[in-house]
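Student: Sequence and predicted model, in that order:
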Amino acid sequence: MARLRELARLIRSKNAGPFELTIDIIFADQPTYERVKKSGKVSKEFIAAMFQIDASKVKLFHYDPAYAIKASVPRYTISGDPDETDVFAGQQYPQLVDLEIPDR
């Protein structure tokens, strides 16, 4: 078993406009990407649990040509709001880095 941080080339979160944030997971090669994709570990349910929202609010995409998985979720507050603690949404991915992915 490996952690996602050991398999992914890049794991990041960022704004997807003022009302949503997005998480990108990009892999260096197709076999690693397919391993993570087929594991089902990066799912709408997992992302929903991370953000404590309903899974129906999670948009999850697998983009095979780029070996990438992308998820978008509504922001808790509008980007730039006085209550916002992460204006650029760059600190929203840490729960993903230790996600365990089965060997096959």
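Tutor: Great, that's in hand.
Student: contacts, neighbours, all on C-alpha from now
Tutor: Noted.
Student: what helix or strand is Glu45 on?
Tutor: helix 44-51 (DSSP states H and E).
Student: How far away from the center of its chain is that helix?
Tutor: 9 Å (C-alpha atoms, centre = their mean, to the nearest Å).
Student: Tell me, how many residues neighbour the closest residue to Arg3 other than its chain neighbours?
Tutor: Using C-alpha to C-alpha, 6 or more residues apart in numbering and skipping residues adjacent in sequence, the residue nearest Arg3 is Glu100, 4.5 Å away. Neighbour count for Glu100, taken as other C-alpha atoms under 10 Å: 17.
Student: Distance of Glu100 relative to Ala2?
Tutor: 6 Å (C-alpha to C-alpha, to the nearest Å).
Student: Can you check which residues contact both of these two?
Tutor: Counting by C-alpha atoms under 8 Å, 6 or more residues apart in numbering, Glu100 and Ala2 have no shared contacts at all.
Student: how many other residues sit next to Lys38?
Tutor: Around Lys38 there are 13 residues (other C-alpha under 10 Å).
Student: cool, Ala66 as well?
Tutor: With other C-alpha under 10 Å as criterion, Ala66 counts 13.
Student: wait, what's in contact with it?
Tutor: Per C-alpha under 8 Å, 6+ apart, neighbours of Ala66: 26-27.
Student: hang on, isn't the residue nearest to Arg3 packed against Leu4?
Tutor: Yes: using C-alpha atoms under 8 Å, Glu100 is in contact with Leu4, at 6.2 Å.
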